[in-house]
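Q: Could you look at this predicted model? Sequence included:
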Amino acid sequence: MKDYTFPIPAALIGDQLRDELGAEKVWIDGDLLFIRGDFTEAEAVAGIKAHIPAEIVPPTPAERLFAATGLTVAEYKALGL
């Protein structure tokens, strides 16, 4: 059984992480995330990364315009825009 220590990710679901890794315990102490279990550090890192949501990239003005009008890029080009 090993304890691994990591910086706390911005978004993390500890109970789900514990269940997926088969960890004995997942806890936060101060500004560190601790994980105890029978797995490698690489497996723990992969489990944490799987729980960090992908960065949300806001749509561009063109994408918002296409979405608002319901037209496709091809349709805009056909209109000469």
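A: Cool, the structure landed.

Q: Give me the average confidence score over stretch 22-36.
A: Taken as a whole, stretch 22-36 has an average pLDDT of 89.

Q: and that stretch, which residues are buried?
A: By 16 or more other C-beta atoms under 10 Å, the buried positions in stretch 22-36 come out as Ala23, Val26, Leu33, Phe34, Ile35, Arg36. For glycine as for every other residue, the C-beta is placed from the backbone atoms N, C-alpha and C.

Q: can you list those in TSV and add secondary structure?
A: Shown next, in TSV, are the buried residues of stretch 22-36 (DSSP: H, G, I helix; E, B strand; the rest coil):
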residue	secondary structure
Ala23	coil
Val26	strand
Leu33	strand
Phe34	strand
Ile35	strand
Arg36	strand
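
Q: Take the residues you listed and write them to a markdown table, including distance to Phe66.
A: Shown next, in a markdown table, are these (distance: C-beta to C-beta, whole Å):
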| residue | distance to Phe66 |
| --- | --- |
| Ala23 | 44 |
| Val26 | 42 |
| Leu33 | 41 |
| Phe34 | 46 |
| Ile35 | 43 |
| Arg36 | 49 |
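
Q: which one of those residues is nearest Val57?
A: Leu33 (26.1 Å; C-beta to C-beta).

Q: Run through the bridge partners of that closest one.
A: As for beta bridges, Leu33 partners with Phe6, Ile28 under DSSP bridges.

Q: tell me the contacts of it?
A: Residues in contact with Leu33 (C-beta atoms under 8 Å, 6 or more residues apart in numbering) are Thr5, Phe6, Pro7, Ile8, Pro9, Leu12, Val26, Trp27, Ile48.

Q: and the least confident of these?
A: Within the contacts of Leu33, lowest confidence goes to Leu12 (71).

Q: residue ranges of the strands in this protein, please?
A: For the chain, the strands defined by DSSP state E occupy 2-7, 25-29, 32-37.
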